[in-house]
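1. Got a sequence here, can you build the structure:
(one chain, ligands or ions: 1)
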Amino acid sequence: MYKLYNVKRWGSIGAHLVLEELGVPYQNVWLTPEQVRAPEFREISPLGLIPALGLPDGRAITESAAIVAFLTDTHRDTGLAPPIGSDDHAVYLSHLVFMATNLYTYIDFAFDCRRLVDGEEQNALSRRKAEQYSLTLFDIMEGKLAADGPFLLGDNFSAADIYLFMLTLWAHPSEEAVLERCPNIARVAAHIRARPRLKAALEAHGALEIRADAAA
Ligand SMILES: N[C@@H](CCC(=O)N[C@@H](CS)C(=O)NCC(=O)O)C(=O)O
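-> Residues are numbered from 1 along each chain as shown. Coordinates of the predicted model:
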């Protein structure tokens, strides 16, 4: 059985919602931020980051895009990803990796840049820059939805839409500000919040309502 290492309203919500949509059995392991930051967790996730997914053979994998792509490609009959080898699948992977390497990274930096700079002044400046850049990246995703929507893969809802939704939850300056700026992303978010299979997990993360305050 899979084992999901999960923190409320953190990036593991993406893998959590995908597992719920797929309807496959998994063990949900709720962690506190302190448990994620504890040295023991590095044995599961070398950088001390969630999500991590325990595999049936006992190993664990990290990196949200890899986890989502692995799950949807392994459980293909649920239609959360296009058929492997199709052009749509190439676009699907490209969306996931684009969001993971660009948007996720800059949202994290908008939250905290202390790994890169010294002192609070530089941190505040870098965080502001990262926030601005993350908004440019959201605009790119918004443009893709405006051109190809209603979903990232046209008429087909996929785990890429769930991944994009996940990123809005702790975006800066706030989730509400990003959704107001990007009406097509807001529509995808509303669709996800209305999917019956996802209601319980969204509720558990406290993510049924749009947040007006910045993630802290
Ligand atoms: N590249 C990683 C990034 C994961 C990441 O940054 N996770 C954050 C939560 S959203 C985390 O675990 N932070 C640890 C901390 O704040 O101590 C992925 O895509 O999975």
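2. now the helices for this protein?
-> Using DSSP state H, the helices of the chain run over 12-22, 33-37, 64-74, 87-98, 105-111, 119-148, 159-168, 175-181, 183-193, 199-204.
3. Give me the distance from the shortest one to the chain's centre.
-> Centroid separation for helix 33-37 versus its chain: 19 Å, with C-alpha atoms, centre = their mean, to the nearest Å.
4. So which elements touch it?
-> Counting contacts by 3 or more C-beta pairs under 8 Å, 6 or more residues apart in numbering; DSSP states H and E, helix 33-37 packs against no other helix or strand. Bear in mind the C-beta positions are built from the backbone N, C-alpha and C, glycine included.
5. Low-confidence regions, the chain specifically.
-> Low-confidence segments of the chain (pLDDT under 70): 215-216.
6. How is it divided into domains?
-> 2-78, 87-204 (automatic domain parsing).
7. and of the ones you listed, who's closest to the ligand?
-> The ligand lies closest to domain 2-78 among the domains of the chain, at 3.3 Å (C-beta to the nearest ligand atom).
8. so V24 touches H75, yeah?
-> Yes - between V24 and H75 there is a contact at 5.7 Å, judged by C-beta atoms under 8 Å.
9. ok, which residues in the chain are in contact with the ligand?
-> 10-11, 36-37, 48-51, 62-64, 100, 104, 108 (C-beta under 6 Å from any ligand atom).
10. how much space between G14 and A186?
-> G14 sits at a distance of 18 Å from A186 (criterion: C-beta to C-beta, to the nearest Å).
11. the more surrounded of the two?
-> Comparing G14 with A186 by neighbour count (other C-beta atoms under 10 Å), the higher total belongs to G14, at 26 against 19.
12. Pull out the buried residues from stretch 68-82.
-> For stretch 68-82, burial by neighbour count (16 or more other C-beta atoms under 10 Å) applies to V68, A69, F70, L71, T72, D73, H75, L80, A81, P82.
13. Can you name the residues that contact the last one?
-> What it means is P82. D88, H89, V91, Y92, L153, N156, S158 (C-beta atoms under 8 Å, 6 or more residues apart in numbering).
14. Count the residues that sit near K8.
-> Other residues near K8 come to 15 when the count uses other C-beta under 10 Å.
15. What does it show for phi and psi?
-> K8 adopts backbone torsions of phi -60, psi 130, taken as degrees, to the nearest 10.
16. Does it touch H205 like I think?
-> Yes - here K8 reaches H205: they are 5.1 Å apart, a contact under C-beta under 8 Å.
17. ok, back up a step: buried only: go through the contacts of P82 for me.
-> Looks like the contacts of P82 have H89, V91, Y92, L153, N156, S158 buried, using 16+ other C-beta under 10 Å.
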